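Asker: Next one to model:
(2 chains)
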2 protein chains.
Amino acid sequence: MPYSPIGQSIQVLDTPALLIDLDKMENNIQKMAARCRDSGLHWRPHAKGHKTPAIAHKQLCAGAIGITCAKLGEAEVLADAGISDILVANQVVGREKVARLVNLRRRADVMVAVDDPVHIRAISDAATDVGVNVRVLVEVDVGMKRCGVPPGAPTLALAQEADAAPGVVFAGIMGYEGHAMSLDDAAKEAACKKAVGELSKTRNLIEDAGLCVGIVSAGGTGTLAFTPDFPGITEIQAGGGIFMDTYYRDGLHVRGLEHALSVLTTVISRAAPDRAVADAGRKTTSSHPSLPEVKDRTDVVVTGLAAEHALLSLTNSDIEIGDKIQFISGYSDMTVFLHDQIYGTRDDRVEVVWDILARGKKQ
Amino acid sequence: MPYSPIGQSIQVLDTPALLIDLDKMENNIQKMAARCRDSGLHWRPHAKGHKTPAIAHKQLCAGAIGITCAKLGEAEVLADAGISDILVANQVVGREKVARLVNLRRRADVMVAVDDPVHIRAISDAATDVGVNVRVLVEVDVGMKRCGVPPGAPTLALAQEADAAPGVVFAGIMGYEGHAMSLDDAAKEAACKKAVGELSKTRNLIEDAGLCVGIVSAGGTGTLAFTPDFPGITEIQAGGGIFMDTYYRDGLHVRGLEHALSVLTTVISRAAPDRAVADAGRKTTSSHPSLPEVKDRTDVVVTGLAAEHALLSLTNSDIEIGDKIQFISGYSDMTVFLHDQIYGTRDDRVEVVWDILARGKKQ
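Answerer: Okay, the predicted model is just below:
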C-alpha cells in the first residue's frame, strides 16, 4: 500500500505543498451561497480557481445550481465528475473545440458564451450535425472592454440570431464587471449598479422583442458585496472567494471571508541574521498582483519571490533551516493551477488529498 | 492508433499550444556551447527553463558536460533519462528529500549546493547510512543576497567542514551573479568582474588551505556576454538563452540569440474594430516581467494578459475569429513550466512532441 499522509499532521508533508483549510473553505462556501440565496439569486460559482471536482461538489451541496468554468477542457472534467449544468464563460472557437462541445452536450447540459455570429453559426452547424441542442449566453461588454458585444441593440441582434439558429438555444445574457473589482467601495457600488443596469435594460429589450431571457449572469468575488443587490440579474458567478487571499483582501477590499488557502514551504537557507530563503517561488505561489504572507507569524515577512525561492525578512526570529512555514496565498487563481494536488486539512491534520483534475486543461 | 500531428502544419494544432522552433533552438544551443568552449570553460546548462530530457540531451550532444537543475525532482527525471552528471543548484533540505538525494546518488553522479553546516551534516548522515558519497558545492553569495555564504573565510570554513564530513565530497564552489543580469552593459561587465573576482579569490584561499576546488560554477544567460571572460571559473550554468524571449532581449540586453519559443493561440473575440481577444492568458504564457509579442505581424500587439485572455490591439488588421497567431514568449522560464507538452517544429511543421517530463516536480 502506498504511503498516505491522511490523518497525519501537515508537518509530515514534504514541501512545497498546497493546503486548504477545510473548515475555513466550507465557511466561505456557506457565506457565498447565503449571499446569493438571500438576494434571491442563483449561485453558479466559477471553478477556474479550484479546477477540482470535489470542491465543485461541495459548492453544489451548499446550494449552487451549476458550475462556471473558463475552458472547455475544464467542463469535460466536471462532466466526468457527474456535474451536468455547466457554463463555459468564454467563447469556444475552432473546428476541434466545437466538435468537443457538441459531443460534451450528450453527457452534460453545457452552456457557452458567444459574442459574434461566427460563434453561433459554428455551434449551429456542429450541433445539427450531431443532433443536439446547445445553450448559449450572449456575452455583453458592461465596461471591461474584453470580450462581449455592447449592451442594447447589438446584444438583441445576436440574441435573435442565436434564437433562430437550429441546434442553438438562446438561454440568456452574461456580463462581467471586472473593471469594477479594484475600485473603492463607493466607486465600486456605482460601477456595479451601472453594469447591472446595462444588463437589466438589455434583458428588457430582448424580452420586449419576444424572446425569453432565462439567465442574466454576472458577478465576481470582488463585487459580491454590491452586484447581487441590484435588480435584473438571475445568477452570480463569484467563486474565488472560497479560498480568499491577500489580493482579494487588500486589492479588491473583500471582507467577511477567511484565508483558507496556503502553501506549506521549508526554510532552506539562513545565510544572514535578518533574512532567510524558503523553497516556494513563483512557480509554486503567485507573486502577482500580491505577495503571499506568512500565516500566524509576525517575525517572518515575504519580501519577494524568485522563480524557485521565497525571500524572507526576519525580525527577532528564531527560524531555522528545515522549519516549515505556511504562506497565505497572494492570489489563489494564479496559485492553485500550478499544483497537481491539494491537501485538505482540518485542525492542521490532513483529511483528504485531491488531484486537481482540471489542471493543465488549457484547451 | 491515436491521432498524431507529426508532419503536419502547426496550423492544425488546437490552442493554446507551446511551440519550439528547432532550427533556432539548435542554433542557440550551438552558440552558447561555443561561447563556453571558446573561453576554455565547461558548459553545465540550467534545465529549470525547459524541464525536458530531450532538450538536455541536445545540450549534451553540443558539448555540455552535465546539466544544472533547481529541484531534486527535476534531477530524478534527468537521471531516469540517462543523464548522470547533474548539479542541483539549490539546498536540499528535510529528511525525505535528503533520503531521495542519497538514493539518487546510486544512479547518477548528482551534486548539490550547500550554504550551512546543517546541510552538510544531514547529507553526511544519510550518505554514510546508505553507503554513498555525495558531491557538494559551497554556494557563495557574490552580491545577490539570496542563498550563499559570504566569499572568503566563511566559504573556506564550510569547504573544510564538507571536506571533513564522511559521505560528502567537497567538489568546489558556486555563485550566481543574478544581481548583475539587468544592468546596462558597462555596469554589468563591472559587476560580473567583481563577482567572478570574489569567486576566484575564494578559490585561491581554499586551495591555499590544501583543498582541491575542482569546480567554480557561475553565469546566467543575462551575463553570458561577460562572465566567461574573467579568470577563475571553470563552468557556466547559463541555459535559458536556448529559448530566448522578449525579457532576455529588452530587460537583460541579450544579443545574438534567436527567439525560438512561442505560444500558438486562437483569436476568440473581435468585439471592436481596434481590438481582439486570444485564448492564451497568464495561465499559458507569462506576462511578468515582459509581455509576449506577436510573431511576424506588426498589425497585432499584445497589450495585456488576464488569467485566460490575451488582449490584442489592432491597427489596420484583417484578423478574424478563428485565426491562429504566435506569441513570442515574454519570459521562457515562467512559460514552459505551465505546459504539459512542447511541440518541436521545423519550417512551421511539427517534427516531434515532447512531454515536459519534469513539469510539476516542485519537490
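
Asker: What's the local residue count around the residue lying closest to A:His179 once chain neighbours are set aside?
Answerer: With sequence-adjacent residues excluded and distances taken as C-beta to C-beta, 6 or more residues apart in numbering or on different chains, A:His179 is closest to A:Met144, at 4.4 Å. The way it works is simple: take the backbone N, C-alpha and C, and place the C-beta from them, glycine included. Residue crowding around A:Met144 was assessed by other C-beta atoms under 10 Å in any protein chain shown; the count is 16.

Asker: where does A:Met144 fall, helix, sheet strand or coil?
Answerer: Classification of A:Met144 using DSSP: H, G, I helix; E, B strand; the rest coil returns coil.

Asker: cool, A:Gly73 as well?
Answerer: Taking three-state DSSP as the rule, one finds A:Gly73 in the helix state.

Asker: Next: the one 3 residues further on.
Answerer: Assigned with three-state DSSP, A:Glu76 falls in the helix class.

Asker: Can you tell me how far it is from chain B?
Answerer: 13 Å (C-beta to the nearest C-beta, to the nearest Å).

Asker: isn't that residue right up against A:Leu357?
Answerer: No - the pair A:Glu76 and A:Leu357 fails to qualify as a contact (C-beta atoms under 8 Å) at a distance of 10.1 Å.

Asker: just how off-centre is stretch A:314-325 within its chain?
Answerer: Relative to the centre of its chain, stretch A:314-325 is centred 33 Å away, using C-alpha atoms, centre = their mean, to the nearest Å.

Asker: start to end distance for it?
Answerer: End-to-end distance for stretch A:314-325: 13 Å, by C-alpha to C-alpha, to the nearest Å.

Asker: Same question for the longest helix seen in chain A: list its buried residues.
Answerer: Among the segments of chain A that qualify as a helix by DSSP state H, the longest is helix A:185-208. By 16 or more other C-beta atoms under 10 Å in any protein chain shown, the buried positions in helix A:185-208 come out as A:188-189, A:191-193, A:195-196, A:198-200, A:202-203, A:205-206.

Asker: Over to stretch A:151-165?
Answerer: By neighbour count, and taking 16+ other C-beta under 10 Å as the criterion, the buried residues in stretch A:151-165 are A:Pro151, A:Pro154, A:Thr155, A:Leu156, A:Leu158, A:Ala159, A:Gln160, A:Glu161, A:Ala162, A:Asp163, A:Ala165.

Asker: who does the longest helix of chain A touch, helix- and strand-wise?
Answerer: strand A:134-140, helix A:153-164, strand A:168-175, strand A:215-218 (3 or more C-beta pairs under 8 Å, 6 or more residues apart in numbering or on different chains; DSSP states H and E).

Asker: Provide the backbone phi and psi angles at A:Tyr176.
Answerer: phi -130, psi 110 (degrees, to the nearest 10).

Asker: quick revisit: now tabulate the buried residues of stretch A:151-165 in a markdown table and tack on distance to chain B and pLDDT.
Answerer: Output for the buried residues of stretch A:151-165, formatted as a markdown table (distance: C-beta to the nearest C-beta, whole Å; pLDDT from 0 to 100):
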| residue | distance to chain B | pLDDT |
| --- | --- | --- |
| A:Pro151 | 12 | 98 |
| A:Pro154 | 9 | 98 |
| A:Thr155 | 11 | 98 |
| A:Leu156 | 16 | 98 |
| A:Leu158 | 11 | 98 |
| A:Ala159 | 16 | 98 |
| A:Gln160 | 18 | 98 |
| A:Glu161 | 15 | 98 |
| A:Ala162 | 16 | 98 |
| A:Asp163 | 20 | 98 |
| A:Ala165 | 16 | 98 |
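
Asker: Return the alpha-carbon coordinates of stretch A:228-245 using CSV.
Answerer: Listed in CSV are the C-alpha atoms of stretch A:228-245, where the atom choice follows Å, rounded to 0.1, in the frame of the first residue of the first chain:
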residue,chain,number,x,y,z
PRO,A,228,-26.5,41.0,-6.0
ASP,A,229,-28.4,44.0,-4.6
PHE,A,230,-29.3,45.5,-8.0
PRO,A,231,-32.4,44.1,-9.8
GLY,A,232,-32.2,42.4,-13.1
ILE,A,233,-29.8,39.6,-12.8
THR,A,234,-30.6,35.9,-12.0
GLU,A,235,-27.3,34.4,-11.1
ILE,A,236,-23.9,35.1,-9.7
GLN,A,237,-20.6,33.5,-10.9
ALA,A,238,-18.3,34.6,-7.9
GLY,A,239,-16.2,31.6,-7.0
GLY,A,240,-12.6,32.6,-5.9
GLY,A,241,-13.7,33.9,-2.5
ILE,A,242,-14.0,30.3,-1.3
PHE,A,243,-10.2,30.4,-0.9
MET,A,244,-9.7,34.1,-0.1
ASP,A,245,-6.2,35.6,-0.5
